[in-house]
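**Student:** sharing a sequence plus its predicted fold:
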Amino acid sequence: MPNNSWKDDKYGSDKARPENTPGRKLDSYLLNPYSGFPIMLLCFAALFAASFLLGKPVSNWLGLLLDYLVQSFEGWAAALNLPWLLTSLISNGIFRGIGSALAFFPQMLIFYVFYSAINDTGYASRIAHIMHTPMARLNMQGDAFACLFIGYSCNVPAVEATRNIPRRLDRFIMMLVSTFTPCSARFGVILYIAAAFFSPLTATLVMTSLIALSWAVSALVAYAIKAGFPRSESLDIKLTLPPLHRPQISHVAKSALIRTLDFLNKIKNVVIISAVVVWFLSSFPAGAGFTGSYIAMIGRGLEPLGRLAGLNWQLIVALLLGFFAKETTLSTLGVLYHASEGLGNLSGILAAHISPLVGLSFLVIFMFYTPCLATVTAIRRESRSTLFAAFSIVISLLLAFVLGTLVYQSGRLLLFLLG
């Protein structure tokens, strides 16, 4: 077997290497704060770019394939005169659930390629090393930072990445606070709604403030939880860096594919069942239409509470269905506000029916409220605790509602004072 290490075997430690070895030269850049942080950010930026540029087209292609299968099935069902209820259940319930599961395939595959590669090369330890000092101020270890950053692509792989954190308490904390990072789907909805209510400059300030708020909340929650436990002595121990290696492409590809398929296999039943539940709540009572469905009744029942944060029942329903998939939020609002086919005029309709203050409150709540079902399933799987997964939902809902209410009521007070 050829030795792919960039560190010669005869050197027992990184310090023992001559200055002119490739590994030592690379570490002089990777471990230097002035160059290490930009390199790390570029690596994560490459991950996001791959998720958006490669992952999204694959997801769209899978969606088109599924649409074709649904149309074929509906045509076949019509030819056989199958009952409408059965046809709707299979096409809008089961197929939708399969599509939701498949939508995670590109992002999870890209994440696991990235995850396997940085671990094979030894770069993951370098990231933990340069993040050791800033994370230690929160009484956290440096390797926890990657979970937060990966969450901007998808919260599911961010939760999966916590398995690389040694301490059990730190893993649980990062599972919780990584959900405060807006994933690509949540981020897309926030961008759209912010653009609907605010001018480009104001929308930019709102987006920047929301991101800064998510960082602050993540840090405060992590610090508050860790403050109740003794400080870990391991935080003061100098990290030992493994040698740098060239990644083995075949190993990285095989590992990424196996992990991705294993993940999809474990969440498929939950996602499909949830899609069937959404179909039922949105389709019954029969003939009532979406605005008369059970999910709309639930939204109206929660409206008195939602009014504290300025939310009407339509916005509450959009949040409820967003639990199953954040991408459904805009389509749900389109149906409830009778937007024409597509989202071309939805922004104008929302601006006409909802005040900017309510829109801002909704954005704050949407930023922090419970992550999607697949993320909760991943939390349950990684923590091996149904109670902790339920706790993550409850704490997210409480935090989102409190922040949204504070924003809305403070805004009302400010508008009253300004007269």
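**Tutor:** Arrived safely. Residues are numbered from 1 along each chain as shown.
**Student:** in the stretch 251-400 of the chain, which spans are strands?
**Tutor:** With strands called from DSSP state E, counting those that start in this stretch, the stretch 251-400 of the chain shows none.
**Student:** run through it and note the low-pLDDT ranges.
**Tutor:** In the prediction, the stretch 251-400 of the chain carries residues with pLDDT under 70 at positions 266-267, 338-345.
**Student:** please repeat the previous calculation with a cut-off of 50.
**Tutor:** Residues of the stretch 251-400 of the chain meeting the criterion pLDDT under 50: 340-344.
**Student:** where exactly do the helices run in it?
**Tutor:** In the stretch 251-400 of the chain, the segments counted as helices under DSSP state H, counting those that start in this stretch are 294-306, 313-322, 328-336, 346-353, 356-368, 373-383, 386-418.
**Student:** next up, the contacts around the residue positioned nearest the centre of the chain.
**Tutor:** Geometric centre of the chain, nearest residue: Asn155, 2.7 Å, by CA atoms, centre = their mean. Residues near Asn155 by CB atoms under 8 Å, 6 or more residues apart in numbering: 178-179, 181, 183, 371-372, 375, 378. In short, each C-beta sits where N, CA and C put it, glycine included.
**Student:** chain center to the one helix or strand Ala50 maps to: distance?
**Tutor:** Here Ala50, judged by DSSP states H and E, is contained in helix 33-50. On the basis of CA atoms, centre = their mean, to the nearest Å, helix 33-50 sits 19 Å off its chain's mean C-alpha point.
**Student:** any chance of the helices of the stretch 251-400 of the chain in JSON lines, with mean neighbour count and distance to Arg96 too?
**Tutor:** Conversion of the helices of the stretch 251-400 of the chain to JSON lines gives the following (neighbours: other CB atoms under 10 Å; distance: least, CB to CB, whole Å):
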{"stretch": "helix 294-306", "mean neighbour count": "16", "distance to Arg96": "15"}
{"stretch": "helix 313-322", "mean neighbour count": "23", "distance to Arg96": "12"}
{"stretch": "helix 328-336", "mean neighbour count": "21", "distance to Arg96": "10"}
{"stretch": "helix 346-353", "mean neighbour count": "16", "distance to Arg96": "21"}
{"stretch": "helix 356-368", "mean neighbour count": "23", "distance to Arg96": "22"}
{"stretch": "helix 373-383", "mean neighbour count": "23", "distance to Arg96": "13"}
{"stretch": "helix 386-418", "mean neighbour count": "15", "distance to Arg96": "22"}
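**Student:** do you know which of those helices lies nearest Ala128?
**Tutor:** Among the helices of the stretch 251-400 of the chain, helix 373-383 comes nearest to Ala128, with 18.7 Å by CB to CB.
**Student:** for the closest one, packing partners?
**Tutor:** helix 155-160, helix 168-177, helix 249-283, helix 386-418 (3 or more CB pairs under 8 Å, 6 or more residues apart in numbering; DSSP states H and E).
**Student:** now do the buried residues in the shortest one.
**Tutor:** Within helix 155-160, the residues that qualify as buried by neighbour count (16 or more other CB atoms under 10 Å) are 155-160.
**Student:** which residue packs closest to the residue nearest to the centre of the chain, ignoring adjacent ones?
**Tutor:** Closest residue in space to Asn155, ignoring its immediate chain neighbours: Thr375 at 4.4 Å, by CB to CB, 6 or more residues apart in numbering.
**Student:** hang on, Leu241 packs against Ile127?
**Tutor:** No. Using CB atoms under 8 Å, Leu241 makes no contact with Ile127, being 10.9 Å away.
**Student:** neighbour count winner among these two?
**Tutor:** Taking neighbours as other CB atoms under 10 Å, Leu241 and Ile127 compare with Ile127 leading, 22 against 18.
**Student:** re the thing from before, quick one: closest of the helices and strands packed on helix 373-383 to Lys25.
**Tutor:** Per CB to CB, nearest to Lys25 of the helices and strands packed on helix 373-383: helix 249-283, 23.3 Å.
**Student:** and the closest one, how far out from the chain middle?
**Tutor:** Relative to the chain's own centre, helix 249-283 is displaced by 15 Å; criterion: CA atoms, centre = their mean.
**Student:** name the residues of it that come out as buried.
**Tutor:** 252-253, 255-256, 259-260, 263-264, 267-268, 270-272, 274-276, 278-279, 281-283.
**Student:** what angle do that helix and helix 294-306 make?
**Tutor:** Helix 249-283 runs at 90 degrees relative to helix 294-306, counting by axes from the mean of the first three to the mean of the last three CA atoms, to 10 degrees.
**Student:** how much space between Ile249 and Ser255?
**Tutor:** Here Ile249 is placed at a distance of 11 Å from Ser255 (CB to CB, to the nearest Å).
**Student:** what about the spatially closest residue to Ala158 that is not a sequence neighbour, how many residues nearby?
**Tutor:** The shortest distance from Ala158 to any non-neighbouring residue, by CB to CB, 6+ apart, is to Gly151 (3.6 Å). Neighbourhood size, Gly151 [other CB under 10 Å]: 28.
**Student:** which one of the buried residues of helix 155-160 sits closest to Ala49?
**Tutor:** Pro157 (15.3 Å).
**Student:** identify the residues contacting that closest one.
**Tutor:** If you count contacts by CB under 8 Å, 6+ apart, Pro157 has them with 107-108, 111-112, 115, 150.
**Student:** what does the next helix or strand after the helix holding Ala50 contact?
**Tutor:** Scanning forward in sequence from helix 33-50 by DSSP H and E, the next helix or strand is helix 56-79. Under the contact criterion CB under 8 Å, 6+ apart, helix 56-79 has outside partners 86-87, 90-91, 95, 98-99, 102-103, 105-107.
**Student:** weed out the non-buried ones from these.
**Tutor:** Of the contacts of helix 56-79, these count as buried by 16+ other CB under 10 Å: 87, 90-91, 95, 98-99, 102-103, 105-107.
**Student:** show me the two of these that sit farthest apart.
**Tutor:** Thr87 and Gln107 (30.9 Å).
**Student:** which residue is the nearest non-sequential neighbour of Thr181?
**Tutor:** Among residues not flanking Thr181 along the chain, Gly151 sits closest, at 3.3 Å (CB to CB, 6+ apart).
**Student:** can you give me the helices for the stretch 101-250 of the chain?
**Tutor:** Using DSSP H, counting those that start in this stretch, helices in the stretch 101-250 of the chain cover 104-121, 123-130, 132-136, 145-150, 155-160, 168-177, 184-197, 200-227, 249-283.
**Student:** format those helices as JSON lines; extra columns: distance to Gly306.
**Tutor:** Below are these laid out as JSON lines (distance: least, CB to CB, whole Å):
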{"stretch": "helix 104-121", "distance to Gly306": "30"}
{"stretch": "helix 123-130", "distance to Gly306": "41"}
{"stretch": "helix 132-136", "distance to Gly306": "37"}
{"stretch": "helix 145-150", "distance to Gly306": "29"}
{"stretch": "helix 155-160", "distance to Gly306": "24"}
{"stretch": "helix 168-177", "distance to Gly306": "24"}
{"stretch": "helix 184-197", "distance to Gly306": "16"}
{"stretch": "helix 200-227", "distance to Gly306": "20"}
{"stretch": "helix 249-283", "distance to Gly306": "18"}
